[in-house]
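Student: turn this into a model:
(chains A and B)
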Amino acid sequence: MSELTARLRLFSALAESSAQLSDAEALAEAIPGEAERIHAKLLQVARDHEALTQRDLLLPDTPGERRDFLERVLRRLAIPFEDLGELTDTDVEGLLIRLGEVGFLPA
Amino acid sequence: MIGSGTVALKRQHHEHEQCDEIVANTAEVLCALQALAKPQLLRMKKYARYRMRAIGDAARGRNDEDLLGEALTATLSGQRRWKPRSVDFEGHMLGAMRSISSHWTDRKPHLSLEDAPPVASLKGDPERELAAKEEIAAIRARFAHDAVVLGLMEDLSLGLTGPEIKLSRAWSQADLETAMRRLRRGVERMGGGRRS
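Tutor: Purely as a prediction, here's the structure:
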């Protein structure tokens, strides 16, 4: 068995067990303010998605595909970059929207 | 009479199945998102964090909140369909995150359409194997004096299910849950992984 498989199984089991936490346990193990912060972030994702769909930009559907798309766009525009790993999905989406606004993407 | 009753029952069953297939529209998804309670959000976040640690470097720089965001975006775009009569919104999001993160482990990274560089498979990459080995070794070291949790880790790494672990170790459900809680809390105190 590979170490990758062992880790995958171990943390997958932890994920599934965390899904079974009671409300009281989930609250007891939380960092104060964490739930509110996640909620705000998810609501922002929904707003960004809505803004994106209203702009009629021909962007890929998922954040993962958009990240790949941005990499290809940057390469084609010969814009140097090392790694997009530090950008969040929201950053990637925002950057593509800006590129669209200045005419670098098909609308 | 028996025949017509059977037909009626079958029709009822079919209609019930059709109801289960009803997919939430965008407004319903947004409504469910607004209504999420704190414990639900916390379970989703914790679930995302463990899924990201499960896949390690295959996450390609993404973090747990990216996974949450991708599950939501995929639902809003209709790529992942939420069927409210079959599962609540939290359950749907967990399923979407499970599926998306599994998909990430399968995807071979590529940088451009033009050069399409050769990329080693995620499986068997020595560096990734080493990183996973070190991560598991660090957790084992933390529980060096806790044979129960070490045993649980071993079983989980081998892919044993909860019922199989209980059977092989003659544990009660409470024993399993206690050991699991100890493991989870220990891992969380250690930190690690790419957290947002």
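Student: helices of the chain, start to end?
Tutor: You didn't pick a chain, so chain A it is. Counting by DSSP state H, one finds helices in chain A at the ranges A:3-19, A:23-28, A:34-55, A:63-76, A:89-101.
Student: oops, I was thinking of chain B
Tutor: Taking DSSP H as the criterion, chain B carries its helices at B:2-20, B:26-34, B:38-55, B:64-76, B:89-106, B:126-142, B:147-157, B:162-169, B:173-190.
Student: make CSV from those helices and add distance to residue A:103 and mean pLDDT to it.
Tutor: Just so you know, the C-beta spots here come from the backbone N, C-alpha and C atoms, and that holds for glycine as well. Putting those into CSV (distance: least, CB to CB, whole Å; pLDDT from 0 to 100) gives the following:
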stretch, distance to residue A:103, mean pLDDT
helix B:2-20, 46, 54
helix B:26-34, 29, 94
helix B:38-55, 36, 96
helix B:64-76, 25, 93
helix B:89-106, 32, 92
helix B:126-142, 40, 91
helix B:147-157, 52, 96
helix B:162-169, 56, 95
helix B:173-190, 47, 93
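Student: deepest-packed of those helices, please.
Tutor: Ranked by mean neighbour count, the helices of chain B are led by helix B:64-76 with a mean of 26 (mean count of other CB atoms under 10 Å in any protein chain shown).
Student: near chain A, anything from that one?
Tutor: Yes: for helix B:64-76, a contact with chain A is found by CB under 8 Å from any CB of the partner chain, at B:65-66, B:68-70, B:72-74, B:76.
Student: residues contacting that helix, please?
Tutor: A:38, A:41-42, A:45-46, A:49-50, A:61-64, A:88-90, B:26, B:29-30, B:33, B:44-45, B:48-49, B:51-52, B:62, B:80-82, B:92-93, B:96-97, B:100-101, B:193-196 (CB atoms under 8 Å, 6 or more residues apart in numbering or on different chains).
Student: distance of residue B:154 from chain A?
Tutor: Per CB to the nearest CB, to the nearest Å, residue B:154 is found 9 Å from chain A.
Student: one more: residue B:170?
Tutor: From residue B:170 to chain A the distance is 20 Å (CB to the nearest CB).
Student: now that residue. Its backbone dihedrals?
Tutor: With angles defined as degrees, to the nearest 10, residue B:170 sits at phi 50, psi 40.
Student: returning to that earlier point: so which of the helices of chain A is the most surrounded?
Tutor: For those, the highest mean count by mean count of other CB under 10 Å goes to helix A:3-19, at a mean of 22.
Student: which residues does the residue most central in space within chain A contact?
Tutor: Chain A has residue A:89 as the residue nearest its centroid, 3.4 Å off, counting by CA atoms, centre = their mean. Contacts of residue A:89 were listed using CB under 8 Å, 6+ apart, and they are A:45, A:63, A:66-67, B:62, B:66, B:69-70, B:73.
Student: cool, residue B:43 as well?
Tutor: By CB under 8 Å, 6+ apart, the contact set of residue B:43 is A:18-19, A:21, A:26, B:90, B:94.
Student: that one - nearest residue in space that isn't next to it in sequence?
Tutor: Distances taken as CB to CB, 6 or more residues apart in numbering or on different chains place residue A:26 nearest to residue B:43, at 5.2 Å, with adjacent residues excluded.
Student: sounds good, over and out.
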